[in-house]
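Novice: the following comprises the amino acid sequence and a computationally predicted model.
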Amino acid sequence: MTNSPELITINPTTEKILKKYTIMTKENVSSIVKKARDIYKEWEKDLDKRIDSLYHVAQELRKNREDLARTATNEMGKAIKEARAEIDKCAWAIEYFADNGKNFIHDESFNTDARKSIIKFEALGVIGSIMPWNFPYWQALRFAAPSLIVGNTIVLKPASATMQCGIEIEKTFDKAGLSEGIFNTVIGDSSVAEILVDSDVNAVTFTGSVPVGAKVAQRATSQLKKTVLELGGSDPFIVCADADIEKASTGAVKGRFINCGQSCIASKRFIVIKIIAKEFIEKFIQKTENLKVGDPSLDDTDIGPLVNAKALQTIDSQVEDSIKEGAEVLTGGEQIVGSKGYFYKPTVLGNITPTMRIVNEEVFGPVAPILIADNEKEAIKLANGSEFGLGASIWTEDLENAELLSSNVKSGIVAVNNVVVSDPRVPFGGIKKSGFGRELSRYGMLEFVNIKSIRLYDQLIHEHYVE
């Protein structure tokens, strides 16, 4: 007799084992998907009930805010103040779709040669969701909230590192009084994600790396299942010559070092116009060095550890390779040794060229490479010289020019005089290797619906000669 395979989670601050989980079998996953499909038939019938149910979920999130936040901090090292903010944002997003869902999916009438023509928005069924560890609540719920309001049910496969967060989401739905099977969490590694894609789900949404996302898309679309991919980015942060340097440097610290730099929409390539580069870099370094790195469970900590040893090794090698290629360490540039935990000093690198590894790979950690551009035209060229196209931020006092620059940046999102943030009111997603499809807003809601057109005629129309 062999033991069932296990999944182990580790606290990245203490390096101690948090918990061991038994990985689900194919039969386990199939049973859960069937349960989601069975309850879907009831769930999709009553929009008002769905709205009330989601309000209860938001209340439950706020009620258990502290415990949920500490679970995330323990599992992936998020600073506790950021973990609390993540819970707050989840509750806001759920309420937003509860508030607006009815308006987003009401029937639409339009004129054709028929007596009556209608567009209806109907749920697809069961949606499989494969989500990452860096925002374990937000990334799961920003997809789930609009999908649930439409009438879909959800089966979530959380990241292995944040398995308990995923379990806690299912518990939250249960505590809020929703019927069993509406929101479900499956436990396992990448093999379970493959099983989920192959199961009786109608569509798949994935957030994660480009290589894994490509495999998920290939697997899902080969079975003719709708797919939405959010695959990360290497967001440019453009500082124009007329930018408010104080605001821009503060934004640079926020944009780069949130969640220890482990965010797909974090600012990752800093492109600064030469004439103001010295002033900007001085302020950026000063504010970076003021960040407090340490125990993420403490309220005054700004930056906790990276998620695991592999992430720490990757960041260290990216920085070391850039130094060999000629980069200059302006601050940081090394691991924090002498105690437990996967800690890396907040780092700013100068003398960066576009061919360096630190520029061409997605940097998922607290490292900020700075490129110098002679003018805005060169800055836009550098910004677009990436295989990614998720977000970008532009800092300038000339908003008319900012609008022109924004139209020339090849990305799904542009923020002017602010860092890129996701917002339930605004479509979220990218182009190029940052993925396809959208989350959030009405546009995200419509990704997982059947947009059905219905035309009612009084009599047969004889003039139609082509398909």
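Specialist: Perfect, I can see it now.

Novice: distance of Ile431 from Gly412?
Specialist: Ile431 is 6 Å from Gly412, where distance means C-beta to C-beta, to the nearest Å. Placement of C-beta: from N, CA and C, glycine included.

Novice: I meant Ile275, not that one.
Specialist: 30 Å.

Novice: more neighbours: these two, which one.
Specialist: Taking other C-beta atoms under 10 Å, Ile275 and Gly412 do not tie; Gly412 has more neighbours (22 against 13).

Novice: pretty sure that one contacts Gly389?
Specialist: Yes: Gly412 is in contact with Gly389 according to C-beta atoms under 8 Å; the separation is 6.4 Å.

Novice: still on that earlier bit, identify the contacts common to Ile431 and Gly412.
Specialist: Gly389 (C-beta atoms under 8 Å, 6 or more residues apart in numbering).

Novice: which parts of the stretch 251-400 of the chain are helices?
Specialist: For the stretch 251-400 of the chain, the helices defined by DSSP state H, counting those that start in this stretch cover 274-289, 309-324, 357-360, 376-384, 399-408.

Novice: point out the most buried one among these.
Specialist: Counting by mean count of other C-beta atoms under 10 Å, helix 357-360 has the highest mean neighbour count of the helices of the stretch 251-400 of the chain, with a mean of 20.

Novice: and this protein, what are its domains?
Specialist: 6-231+434-454, 235-416 (automatic domain parsing).

Novice: could I get these as JSON lines with mean pLDDT and distance to Asp423?
Specialist: Converted to JSON lines, the domains of the chain look like this (pLDDT from 0 to 100; distance: least, C-beta to C-beta, whole Å):
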{"stretch": "domain 6-231+434-454", "mean pLDDT": "98", "distance to Asp423": "7"}
{"stretch": "domain 235-416", "mean pLDDT": "97", "distance to Asp423": "10"}
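
Novice: redo those as a markdown table? Include distance to Pro424.
Specialist: Below are these laid out as a markdown table (distance: least, C-beta to C-beta, whole Å):
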| stretch | distance to Pro424 |
| --- | --- |
| domain 6-231+434-454 | 4 |
| domain 235-416 | 14 |
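
Novice: which outside residues touch the helix or strand containing Asp67?
Specialist: Per DSSP states H and E, Asp67 falls inside helix 65-76. Here helix 65-76 makes contact (C-beta under 8 Å, 6+ apart) with 9, 11-13, 18, 61, 78-80, 83-84, 86-88, 133-134, 136-137, 161-165, 168, 172, 296-297, 304, 307.

Novice: by how many degrees do it and helix 309-324 diverge?
Specialist: 60 degrees (axes from the mean of the first three to the mean of the last three C-alpha atoms, to 10 degrees).

Novice: could I have the CA atoms of helix 65-76 written out in PDB?
Specialist: Provided in PDB are the C-alpha atoms of helix 65-76 (Å, rounded to 0.1, in the frame of the first residue of the first chain):
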ATOM      1  CA  ARG A  65     -10.400  40.100   7.500                       C
ATOM      2  CA  GLU A  66      -7.600  39.700  10.000                       C
ATOM      3  CA  ASP A  67      -7.500  35.900   9.900                       C
ATOM      4  CA  LEU A  68      -7.600  35.800   6.100                       C
ATOM      5  CA  ALA A  69      -4.800  38.400   5.900                       C
ATOM      6  CA  ARG A  70      -2.600  36.500   8.300                       C
ATOM      7  CA  THR A  71      -3.100  33.300   6.300                       C
ATOM      8  CA  ALA A  72      -1.700  35.100   3.200                       C
ATOM      9  CA  THR A  73       1.200  36.600   5.200                       C
ATOM     10  CA  ASN A  74       2.100  33.200   6.600                       C
ATOM     11  CA  GLU A  75       1.900  31.400   3.200                       C
ATOM     12  CA  MET A  76       3.600  33.800   0.800                       C
END
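
Novice: tell me the helix or strand right after it.
Specialist: Assigned by DSSP H and E, the successor of helix 65-76 is helix 80-104.

Novice: okay, buried residues for that following helix please.
Specialist: The neighbour-count check on helix 80-104 (16 or more other C-beta atoms under 10 Å) flags 80, 82-87, 89-91, 93-98, 100-101, 104 as buried.

Novice: stretch 123-142 too?
Specialist: For stretch 123-142, by 16+ other C-beta under 10 Å, it's 123-142.

Novice: what bridges to Ile154?
Specialist: Ile127, Phe183 (DSSP bridges).

Novice: any idea how far it is from Asn450?
Specialist: Distance from Ile154 to Asn450, by C-beta to C-beta: 17 Å.

Novice: compare neighbour counts for the two and give me the winner.
Specialist: Per other C-beta under 10 Å, whichever of Ile154 and Asn450 has more neighbours is Ile154, with 28 against 13.

Novice: centre-most residue in the protein?
Specialist: Nearest to the geometric centre of the chain sits Gln139, at 5.0 Å (C-alpha atoms, centre = their mean).

Novice: that residue: what secondary structure?
Specialist: Classification of Gln139 by DSSP: H, G, I helix; E, B strand; the rest coil places it in helix.

Novice: my read: it touches Phe206, true?
Specialist: No: using C-beta under 8 Å, Gln139 is not in contact with Phe206; the gap is 10.4 Å.

Novice: partners of Asn450 in the sheet?
Specialist: With DSSP bridges as the rule, Asn450 is bridged to Glu122.

Novice: shift numbering so it begins at 158
Specialist: OK, 158 is where the count begins now, so the last one is Asn607.

Novice: can you report how many residues lie near Thr171?
Specialist: Using other C-beta under 10 Å as the criterion, the residues surrounding Thr171 number 14.

Novice: please tell me how far it sits from Glu232.
Specialist: Distance of Thr171 to Glu232, given as C-beta to C-beta: 12 Å.

Novice: same thing with Gly334?
Specialist: 26 Å.

Novice: between these two, which is the more surrounded one?
Specialist: Glu232 (26 against 11).

Novice: in space, what's closest to that one - neighbours in sequence excluded?
Specialist: Leaving aside its sequence neighbours, Glu232 sits nearest to Thr319 (C-beta to C-beta, 6 or more residues apart in numbering; 4.6 Å).

Novice: which ones are touching the one you found?
Specialist: So Thr319 contacts Thr166, Ala229, Glu232, Met233, Trp290, Pro293 (C-beta under 8 Å, 6+ apart).

Novice: which single one of those is nearest to Phe593?
Specialist: For the contacts of Thr319, the residue nearest Phe593 by C-beta to C-beta is Trp290; the value is 22.3 Å.

Novice: wait, a strand at the closest one?
Specialist: No: under the criterion used here (three-state DSSP), Trp290 is coil, not part of a strand.

Novice: how about the nearest residue to it, chain neighbours excluded?
Specialist: Ala316 (3.7 Å).

Novice: can you count the residues close to that neighbour?
Specialist: Ala316, neighbours per other C-beta under 10 Å, totals 25.

Novice: against Ile415, how distant is it?
Specialist: Counting by C-beta to C-beta, the gap from Ala316 to Ile415 is 18 Å.

Novice: before we move on, what about Asp401?
Specialist: Asp401 is 20 Å from Ile415, by C-beta to C-beta.

Novice: repeat for Lys314
Specialist: In terms of C-beta to C-beta, Lys314 sits 25 Å off from Ile415.
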